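Student: Got a sequence here, can you build the structure:
(chains A, B, C and D)
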There are 2 protein chains.
Amino acid sequence: MREGPDIARIASLVGDPARANMLNALMGGTALTASELALEAGVSLPTASSHLSKLMEGGLLTLASQGRHRYYGLAGPQVAGMIEAITGVAEAVGPRRVRPGPRDGAMRVARVCYDHLAGEQAVAMLDRLVDKNILVRDDKEIRLGPSAASHFAAIGIDVYTKPRRPVCRACLDWSVRRSHLAGTLGAAILDKILAEKWARREKDSRAVVFSPPGKQAFERVFLA
Amino acid sequence: MREGPDIARIASLVGDPARANMLNALMGGTALTASELALEAGVSLPTASSHLSKLMEGGLLTLASQGRHRYYGLAGPQVAGMIEAITGVAEAVGPRRVRPGPRDGAMRVARVCYDHLAGEQAVAMLDRLVDKNILVRDDKEIRLGPSAASHFAAIGIDVYTKPRRPVCRACLDWSVRRSHLAGTLGAAILDKILAEKWARREKDSRAVVFSPPGKQAFERVFLA
DNA sequence: GGGATGCTTCGATGAGGATCAAACCATGCG
DNA sequence: CGCATGGTTTGATCCTCATCGAAGCATCCC
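Tutor: Numbering: from 1, shown residues only, chains lettered A, B, ... in the order given. As a prediction, the model looks like this:
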């Protein structure tokens, strides 16, 4: 009989299909309402509500009330990281896909991870930024390089705006198994990609699809 | 209703207290028999057996039969990483400890993580090895530096013995939140620490306790 | 106010699963 | 072979928890 943090409690919260679907949906990064999550999980509204209060009590979600809407979101990057870790194992031990569907492929290339970009594109981007010494890798920690402020300012991103969260963070990519960029900078870059309409979010999915010109623009700015 | 890897299935396996205790026990790295795990989890033998077959079917465990003993062990580092991630969240959201017990402290300083050393000591060790350019950090990847082979040979560790698994791997430390060294080299170092009796494993715990002279020896070899 | 919408609470139902005792296999030992 | 030890299987019991309909709050709009 062991002691320590109650991992069974946390895992069992994720262990219900309805709740797992909700959490998966929230991995998209945008906070959702109870009805949206009910739809997403395929359960009735009362059921969803019950699940949500359990996830809240477990500390996995945050709640923002706005008028009669109540927006549920993931409690933080650590929770997102845990979900990704579980996803990785499920992917590894799960029944082999007969054939990876097209959506799977799109997910591998680029997807939203909580509030930033993940997938092959994101990993390539971080690699390039480190190569160019704009960012500096130092353990899991990623720091801004000397030219970072001016470089990002040139493309309209202010790296000093939101001091609350770390600017750079590494996040392990479950499909590529290497790190991509998280933190406020990662979030800002994703914002820019979507704002510039270089890419759009696939409906009802975490996949991010670049338009041909958008892909060129992205590569010019981040992979050149 | 979403698709993708079945994370609820995996999480629900970890979500039962008895199974969580077993997995926790196996995080110590040594494979255990069904009866040991039953004791560890505080359930009867039949119950434990049932849980174990579920964990096996879920792909979370490996089994090695030796005579009438059957040794269960974690399926691999990825599973161990997932457990650590869940532990991190449980730690973060869990009820605040009134006062961290002495064992908690020991766990923070040094503990076994699957098959290698984790905790403050382990993180410090990796930092120092990278500082001295014996190992080279490159993303999450850690590679051997030019002088690695000779350096480790001098202390009786052959870095080329087991080609099956990667020699070096980074593993995120849930207490320190920074990486420590895993892989066959990490395992070999832990082996050496225990073989030289620099430290012993705390009974029924993942904690690793250094003796005063052992600590000096460790620091001389790895932190100098 | 009155009605509509979004969400939660209550209550009843039902199914899945955790549990253990007893019986059943398998291996090792003398 | 006969017995002890380590493990699994079976069967029965019990309880938690997911589920949804109906009713209850809260907020917004007209």
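Student: lowest-confidence helix or strand of chain A?
Tutor: The weakest-scoring helix or strand in chain A, judged by mean pLDDT, DSSP states H and E, is strand A:169-172 (a mean of 64).
Student: Okay, domains of chain A per the record?
Tutor: A:7-75, A:98-223 (automatic domain parsing).
Student: what sits against A:M56?
Tutor: Residues in contact with A:M56 (Cβ atoms under 8 Å, 6 or more residues apart in numbering or on different chains) are A:L63, A:Y72. In this view, the C-beta of every residue, glycine as well, is placed from N, C-alpha and C.
Student: Let's see that with 6 Å instead.
Tutor: By Cβ atoms under 6 Å, 6 or more residues apart in numbering or on different chains, the contact set of A:M56 is empty.
Student: where's it, which helix or strand?
Tutor: Using DSSP states H and E, A:M56 sits within helix A:45-57.
Student: got the angle for the helix or strand following that helix vs helix A:45-57?
Tutor: The helix or strand immediately downstream of helix A:45-57 is strand A:61-66, counting by DSSP H and E. Interaxial angle of strand A:61-66 relative to helix A:45-57 (axes from the mean of the first three to the mean of the last three Cα atoms, to 10 degrees): 120 degrees.
Student: hmm, whichever helix or strand comes after strand A:61-66 touching DNA strand C?
Tutor: Next along the chain after strand A:61-66, taking DSSP H and E as the criterion, comes strand A:69-74. Yes: residues of strand A:69-74 contacting DNA strand C under Cβ under 7 Å from any atom of the strand: A:H69, A:R70.
Student: ok, back up a step: quick one: buried residues of the helix holding A:M56?
Tutor: Residues A:A48, A:S49, A:H51, A:L52, A:L55 are the ones in helix A:45-57 that count as buried (16 or more other Cβ atoms under 10 Å in any protein chain shown).
Student: Let me know the angle separating that helix from strand A:69-74.
Tutor: Going by the same axes, to 10 degrees, helix A:45-57 makes 50 degrees with strand A:69-74.
Student: where do the strands sit along chain A?
Tutor: Secondary structure of chain A, counting by DSSP state E: strands at A:32-33, A:61-66, A:69-74, A:111-113, A:116-118, A:135-138, A:141-144, A:169-172, A:179-182, A:199-201, A:208-210.
Student: coming back round to it: to B:T33, which of the domains of chain A lies closest?
Tutor: domain A:7-75 (21.8 Å; Cβ to Cβ).
Student: centre of the chain versus that closest one, how much separation?
Tutor: Relative to its parent chain, domain A:7-75 has a centroid offset of 16 Å by Cα atoms, centre = their mean, to the nearest Å.
Student: So which elements touch the longest helix along chain A?
Tutor: Secondary structure of chain A per DSSP state H: the longest helix is helix A:77-93. Using 3 or more Cβ pairs under 6 Å, 6 or more residues apart in numbering or on different chains; DSSP states H and E, the elements in contact with helix A:77-93 are helix B:7-14, helix B:77-93.
Student: Quick check: which of these is buried the most?
Tutor: helix B:7-14 (a mean of 24; mean count of other Cβ atoms under 10 Å in any protein chain shown).
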